[in-house]
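1. Need a 3D model of the following:
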Amino acid sequence: MTRWRLIVNGKAAGMPELRDAVAARRARGFDVGVRVTWEHGDATRYANEAIGDGVDCIVAAGGDGTLGEVAGAIAACASSTPTPDLAVLPLGTANDFATAAGIPDDLEDAFALAERDAVPVDVLRIEADGAERWCMNVATGGVGTHATADVHEGLKKHLGSLSYLLGSVRAIRNMQRHPVELDGPGFRWRGDMLALAIGNARQAGGGHPVCPDALIDDGALDVTVVPDLPEGVVGALKTALTDGREAVVEEAGERARLPWVELRAATPLTLHLDGEPVEGGRFRIECLAHRLRMRLPAGCPLLGGTAPAPDRATPREPL
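-> Below you'll find the predicted structure:
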């Protein structure tokens, strides 16, 4: 009998179509256990329970935060014990990872993907002032971080992903410069940063393409750093965000692809790992190649780089 553990964000637990989909799988002989989260940390605890129970697949039913917690729990155990496959039901507000991966919004279609064969994928491990963290989608700092943090829960409920764009417009009016140092194999950056994204996957904040070329099976992380900009460029960014043209942010940034990167900040900096804030003055972010096995759609846009990355930067043309 195929054994699944469905870990559901509490905000989505009452959906009748979710209950129907679970009932349909049980009728076909699947052993589907359900756990509902109440607060941060619950998804990690339930994932560890599922690993101990030896289930075949854990289905993260929620947004990027739920996915990140479940993926982190699996990744933390993957070097020492057999671990389940991972699947996703996009039931959050933004669902940035699921959108970039081509996972459909339709619940039944997304559920069907959980029955596919799994493929190996990467995950980011973060050491933040000595503490270990994990990230499945994107780590963001600076403008993107403040935009996400400033979005009120009521606004997210009523406006969905549009609320993140509004948060970005508000945040960019009061941008703070962060003196930082970034170092990786063949890569060195020093300066005042407006925004930073370190991606296993491609987008954050409700659809912003912050690491547009990232792949989740290439053994590398993608870095996008937006430096302090002249006033005229800042004005262009404000206009671009207002008009929904986030690509201007991409054009203003510098990018690199690396197996790992170290970040040092002159003052404590907040990084959002799959939307969850972590504050520190020193971070080491490492891509662990093929640490997880994930059930994804055929032709997933995030797949394609099957070879582990070499221990050096992949140079890119300046933007």
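
2. pLDDT value on residue 196, please?
-> pLDDT, residue 196: 88.

3. Give me the phi and psi for the closest residue to it other than its chain neighbours.
-> Residue nearest to residue 196 in three dimensions, not counting chain neighbours: residue 141, with 4.2 Å by C-beta to C-beta, 6 or more residues apart in numbering. Where you see a C-beta, it was placed from the backbone N, CA and C, and this is true even at glycine. Per-residue torsions, residue 141: phi -140, psi 160 (degrees, to the nearest 10).

4. what's near enough to touch residue 141?
-> Applying C-beta atoms under 8 Å, 6 or more residues apart in numbering, we find residue 141 in contact with 178, 193, 195, 196, 197, 269, 270, 271, 272.

5. from memory the third one sits against residue 225, does it?
-> Yes - with contact defined as C-beta atoms under 8 Å, residue 195 and residue 225 form a contacting pair (7.5 Å).

6. can you list residues touching both of those two?
-> Common neighbours of residue 195 and residue 225, using C-beta under 8 Å, 6+ apart, are residue 253.

7. and residue 78, how far is that from residue 4?
-> 19 Å (C-beta to C-beta, to the nearest Å).

8. Which one of those two is surrounded by more residues?
-> residue 4 (24 against 17; other C-beta atoms under 10 Å).

9. Please name the bridge partners of the more buried one.
-> Beta-bridge pairing of residue 4 under DSSP bridges involves residue 32, residue 57.

10. what's the distance between it and residue 282?
-> 39 Å.

11. Which residue ranges of the stretch 51-200 of the chain form strands?
-> Using DSSP state E, counting those that start in this stretch, the strands of the stretch 51-200 of the chain run over residues 57-62, 85-90, 119-128, 131-135, 138-142, 178-184, 187-199.

12. Output these in a markdown table; the columns should cover distance to residue 212.
-> Formatted as a markdown table, the strands of the stretch 51-200 of the chain follow (distance: least, C-beta to C-beta, whole Å):
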| stretch | distance to residue 212 |
| --- | --- |
| strand 57-62 | 24 |
| strand 85-90 | 20 |
| strand 119-128 | 17 |
| strand 131-135 | 18 |
| strand 138-142 | 11 |
| strand 178-184 | 19 |
| strand 187-199 | 9 |
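
13. Residue 7 sits in which helix or strand?
-> In this structure, residue 7 is located in strand 3-9 according to DSSP states H and E.

14. Which elements pack onto that strand?
-> Applying 3 or more C-beta pairs under 8 Å, 6 or more residues apart in numbering; DSSP states H and E, we find strand 3-9 packed against helix 16-27, strand 31-37, helix 42-53, strand 57-62, helix 64-77.

15. quick check: angle from it to helix 42-53?
-> Using axes from the mean of the first three to the mean of the last three C-alpha atoms, to 10 degrees, the direction of strand 3-9 lies 170 degrees away from that of helix 42-53.

16. got a list of contacts for strand 3-9?
-> The contact list for strand 3-9 (C-beta under 8 Å, 6+ apart) reads 18, 22, 25, 30-37, 43, 46-47, 49-50, 53-63, 65-66, 70, 84, 89, 91-92, 114.

17. One more pass at 7 Å, please.
-> Strand 3-9 is contacted by residues 22, 30-37, 43, 46-47, 50, 55-63, 66, 70, 91-92 when judged by C-beta atoms under 7 Å, 6 or more residues apart in numbering.

18. Give me the helix or strand of the protein that scores worst on average pLDDT.
-> When each helix and strand of the chain is scored by mean pLDDT, DSSP states H and E, helix 153-159 comes last, with a mean of 42.

19. Can you tell me the SS state at the closest residue to residue 179 other than its chain neighbours?
-> Excluding the flanking residues, the one nearest residue 179 by C-beta to C-beta, 6+ apart is residue 266, at 4.2 Å. Recorded secondary structure, residue 266: strand (DSSP: H, G, I helix; E, B strand; the rest coil).

20. Pretty sure residue 305 sits against residue 221.
-> No - the criterion here is C-beta atoms under 7 Å, and residue 305 misses it with residue 221 at 11.8 Å.

21. and among the helices and strands packed on strand 3-9, the most buried is which?
-> Comparing the helices and strands packed on strand 3-9 by mean neighbour count (mean count of other C-beta atoms under 10 Å), strand 57-62 comes out on top with a mean of 28.

22. All good on my end, thank you.
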